[in-house]
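Trainee: Dropping the sequence and predicted coords here.
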Number of protein chains: 2
Amino acid sequence: MSPRAGLDRATVVEAAAALADQKGLENLTLGHVAERLGIRTPSLYNHIAGLPGLRGEMAVVGVRELTRRVSQAAIGKTGDEAIEALADAYRAFVRERPGLYAATFPASRFRKPAHPDLQCAEEEALVPMLTVLASFKLTDEDALHALRCLTASMHGFATMEVAGGFGLALSVDESFRRLVRTYIDGLRQFSQVS
Amino acid sequence: MSPRAGLDRATVVEAAAALADQKGLENLTLGHVAERLGIRTPSLYNHIAGLPGLRGEMAVVGVRELTRRVSQAAIGKTGDEAIEALADAYRAFVRERPGLYAATFPASRFRKPAHPDLQCAEEEALVPMLTVLASFKLTDEDALHALRCLTASMHGFATMEVAGGFGLALSVDESFRRLVRTYIDGLRQFSQVS
DNA sequence: GTCATAAACTAATGAGATTAGTATAGTTTG
DNA sequence: CAAACTATACTAATCTCATTAGTTTATGAC
């Protein structure tokens, strides 16, 4: 019908991400993406390098968006308040865009060529968190351990939450608040400030 | 050739789990499972209900094995020591059997019929952890929040680790120790003992 | 020994990803 | 302004994989 539909890579990736959010990343098919965009499946190959390429693009977009939100949340805050804001932003992102977040976490154990853009985006994602941790005056080593613990906690909680792992009739917000508070209290153990 | 190869469901599931550990759960195909067992793909249907059924069986086996290991690790221990042992066992399981563990975490958001065996196994998995937490004399509500925080922390850390998310040259064991210690310290905030 | 059943098989179907080759709408250039 | 170029869409075809249907045969029950 229309030999030009005016698509570009970003549009394709966004459509794929929206579908992944709705139906789950593992249920994402090129057929569905094409249908949503009003084109035939092979036409997608003009914009993306197949399904693996699409997943890689989604990962880059996801990491950047997560970074943006986390950075935004921490602006003008330090210490406890900054950690809490950052953690809330992280969790909110996973809840709002579970498919895009899942794409961000691509079991790099099995990814053959570590996409350079992705690696770069992943490194930048650490910056806001390390910046916030800097206000606790940790040694470099302590800060890196703290970074790992923070990301692991947020990642674990948020993924369990969106997976439906918290079945009980108990406030999930309250559980998360306690997790973050406990983490912050633990930071003090290594911190050089009050 | 051999109209009887002497297979049963458990053997098929174990073969699938071994493949998932090696190649990743998302790369698991019935063809590979059949090849490893020396039969043709359709023959698997005599033992399992297709790929979704196989994944469900893997989830049940995975949860049970995880529960067994965690319970075993906590035998004869209480308090801090029990939590540390339990956490180490959890992490060790994820490292040794990443595919089987991944099967355990099936994004129940998209699972249509919540397998009764699986639901039962999942409930039983909480028992050893709640038992250990009981030694901290928490209120019921505090114990459930603590349970969520503990599973989220262990899950998050272990999955990030096996995904290759900890790239830096910094002891992962030490990071995990700090995560668990911080958690334990946080428990005391709500605990009625020492 | 006969029979029922379980467990293997082959053949066929359908979904989905991918590649090859074709056509056309914009854009660039003379 | 028209010719050529290029990007983007298409159809057709192939490959892998899951799944179903129908067939065969070993093994255990009687």
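Mentor: Thanks, I have it.

Trainee: what's next to the helix or strand of chain A with the lowest mean pLDDT, contact-wise?
Mentor: The helix or strand of chain A with the poorest confidence is helix A:116-134; it has a mean of 95 (mean pLDDT, DSSP states H and E). With contact meaning C-beta atoms under 8 Å, 6 or more residues apart in numbering or on different chains, helix A:116-134 is reached by A:56, A:59-60, A:63-64, A:66-67, A:70-71, A:74, A:77-78, A:82-83, A:86, A:143, A:146-147, A:150-151, A:187. Heads up, the C-betas are built off the backbone N, CA and C, glycines and all.

Trainee: switch to 6 Å and redo it
Mentor: Helix A:116-134 is contacted from outside by A:59-60, A:63-64, A:67, A:70-71, A:74, A:82, A:86, A:143, A:146-147, using C-beta atoms under 6 Å, 6 or more residues apart in numbering or on different chains.

Trainee: Apply the buried test to those residues and list what passes.
Mentor: Buried residues within the contacts of helix A:116-134, counting neighbours by 16 or more other C-beta atoms under 10 Å in any protein chain shown: A:59-60, A:63-64, A:67, A:70-71, A:74, A:82, A:86, A:143, A:146-147.

Trainee: from the residues you listed, which single one is nearest DNA strand C?
Mentor: The closest of the buried ones among the contacts of helix A:116-134 to DNA strand C turns out to be A:Ala59 (C-beta to the nearest atom of the strand; 15.5 Å).

Trainee: mind checking the SS state of the closest one?
Mentor: Using DSSP: H, G, I helix; E, B strand; the rest coil, the three-state assignment for A:Ala59 comes out as helix.

Trainee: Who are the contact partners of it?
Mentor: Neighbour list for A:Ala59: A:103-104, A:106, A:118 [criterion: C-beta under 6 Å, 6+ apart].

Trainee: If I follow the layout properly, A:Leu19 ends up in contact with A:Ala34?
Mentor: No: in this structure, A:Leu19 is not within contact of A:Ala34 by C-beta atoms under 6 Å, at 10.7 Å.

Trainee: List the buried residues for the helix or strand containing A:Thr151?
Mentor: For A:Thr151, the host element (DSSP states H and E) is helix A:140-162. By neighbour count with 16+ other C-beta under 10 Å, helix A:140-162 contains the buried residues A:142-162.
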